[in-house]
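Trainee: could you look at this predicted model? Sequence included:
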Amino acid sequence: MEGDAGKRDPARMLPAGVLFAVAAGALLAGSASGPAADLGALSRLALASSAAFACLALALALPGRRSVAEALGLRRSRLRRGATVLAAAGLCLLSLSLDRLVDLAGWTDASALGRIGRLVAAATPRQRVLALVGLALAPAVAEELLFRGALQRALLLRMPPAAAIGISALAFGLAHLDPVYVLAATALGLYLGVLAWRADSIRPAVICHLVNNTVAVLFAGPAAERLEPPAGLLPLVLLLSAGLLAAACRRPDPVLPAGDRAGEPEPDPRSDR
C-alpha cells in the first residue's frame with residue numbers, strides 16, 4: 001500500500017502544477033505588500049497566506065495515488081470521544097506558557113506576534129470579527145492541511161514518526177517568518193503533529209488550532225497577560241500540557257469502521273467471499 005501511495009498519477013500533475021502556481025503567486029503578493037498597518041490589512045494578508053497554504057496542500061496531495069482526503073488526513077479521528085477537548089486545553093496551556101517565556105526573555109516587542117497582539121488589542125469588536133476569520137479560522141484550517149496533512153502524512157510514508165513530526169513542525173515554525181517565534185511555533189507544531197499522528201487525522205488538530213487562535217484573538221493585549229501563568233508555575237503548566245496531550249492520545253482505535261475513510265466508498269461485503 002505504501003508503495004502505491006508513493007506513486008504519481010499523471011492525470012493529476014497538471015492541476016497540481018496550477019495549484020503550485022496559484023500558491024506561489026499568493027505568497028509573492030503577500031510578501032510584496034509589506035507589513036500590515038492595521039488589523040484589517042493584517043487579516044486580509046493572513047487570508048491570502050492561508051489560501052496559498054491550502055492550495056499548496058492540495059498541490060502536494062493531488063499527484064499521489066491515494067485519495068486527496070486520505071493524503072490530507074481528512075478521515076475521522078481514531079481518538080476516543082472527548083480527546084479533542086483535552087488536547088485543546090493542553091495546547092492553550094502550552095501556547096500561554098510559550099508566550100510567557102517569550103515575554104520573560106524580553107522578546108515580545110521585537111516579535112511579529114507582539115505587534116499582532118497590539119493591533120488586535122486596539123481593535124473594535126467589528127474588527128475582531130474579521131480577525132477571527134483571518135487570524136483564527138483560516139490559518140487553523142490551511143496550516144493543518146499543509147503541515148500536519150500533506151507534509152507530515154507524506155513524510156510518514158518514508159520515515160519514522162518522530163522524524164516526520166519533527167520535520168513538519170520545524171517547517172511550520174519557519175513558515176511564520178519570525179525569528180523570535182520560530183522556536184515557540186515549532187513547539188506548537190510538535191504538539192499538533194503528535195496529536196494528528198495518533199488520531200490518524202488532522203481533524204482534532206484543526207479544532208485545537210482554531211481554539212488556540214480564537215483565545216489569542218479574543219484575549220489579546222492586557223487580557224492575555226492576565227491569562228499567562230506565573231513564572232514559577234511554568235514547569236508545572238508545561239507538564240500539565242504534556243499530560244493532557246498524553247491523555248488525549250491514549251488508546252486510539254486500532255482500525256476505523258468500514259467505510260469511515262473520508263471520501264472512500266464502503267467496501268462491498270461480497271468481495272470477501
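Mentor: Ah, there it is. Numbering: from 1, shown residues only.
Trainee: now do the same contact list for the nearest residue to residue 254 once chain neighbours are set aside.
Mentor: Excluding the flanking residues, the one nearest residue 254 by C-beta to C-beta, 6 or more residues apart in numbering is residue 78, at 7.9 Å. (Glycine included, C-beta is placed from N, CA and C.) Going by C-beta atoms under 8 Å, 6 or more residues apart in numbering, residue 78 touches 198, 199, 200, 201, 252, 253, 254, 256.
Trainee: could you dump stretch 232-239 to PDB, C-alpha only?
Mentor: The C-alpha trace of stretch 232-239 is given here as PDB (Å, rounded to 0.1, in the frame of the first residue of the first chain):
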ATOM      1  CA  GLY A 232       7.300  30.000  39.000                       C
ATOM      2  CA  LEU A 233       4.400  27.700  37.800                       C
ATOM      3  CA  LEU A 234       5.700  27.400  34.200                       C
ATOM      4  CA  PRO A 235       7.300  24.000  34.700                       C
ATOM      5  CA  LEU A 236       4.100  22.600  36.200                       C
ATOM      6  CA  VAL A 237       1.900  24.100  33.500                       C
ATOM      7  CA  LEU A 238       4.100  22.700  30.800                       C
ATOM      8  CA  LEU A 239       3.900  19.300  32.400                       C
END
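Trainee: how about low-confidence regions in the stretch 101-250 of the chain?
Mentor: Along the stretch 101-250 of the chain, the parts satisfying pLDDT under 70 run over 221-225.
Trainee: quick one: the helices in it?
Mentor: Counting by DSSP state H, counting those that start in this stretch, the stretch 101-250 of the chain has helices at residues 112-121, 125-131, 138-143, 152-156, 161-174, 182-199, 203-218, 222-227, 234-248.
Trainee: relative to residue 55, which of those helices is closest?
Mentor: helix 138-143 (8.8 Å; C-beta to C-beta).
Trainee: run through who's touching the closest one.
Mentor: 46-47, 49-54, 57, 172, 175, 206, 209-210, 213.
Trainee: show residues contacting stretch 235-250.
Mentor: 79-80, 83-84, 86-87, 89-91, 93-94, 96-97, 191, 194-195, 198-199, 204, 229.
Trainee: in ChimeraX, select just the buried ones from these.
Mentor: Buried residues within the contacts of stretch 235-250, by 16 or more other C-beta atoms under 10 Å, are selected in ChimeraX with:
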select :79,83,84,86,87,89,90,91,93,94,96,97,191,194,195,198,199,204,229
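Trainee: still on that earlier bit, so for residue 68, which of the helices of the stretch 101-250 of the chain sits nearest?
Mentor: helix 152-156 (11.4 Å).
Trainee: packing partners for the closest one?
Mentor: Here helix 152-156 touches helix 68-72, helix 161-174, helix 182-199, going by 3 or more C-beta pairs under 8 Å, 6 or more residues apart in numbering; DSSP states H and E.
Trainee: list the buried residues of the longest one.
Mentor: In other words, helix 182-199. 182, 184-199.
Trainee: for that helix, what is the distance to the chain centroid?
Mentor: The chain centroid and the centroid of helix 182-199 are separated by 8 Å under C-alpha atoms, centre = their mean, to the nearest Å.
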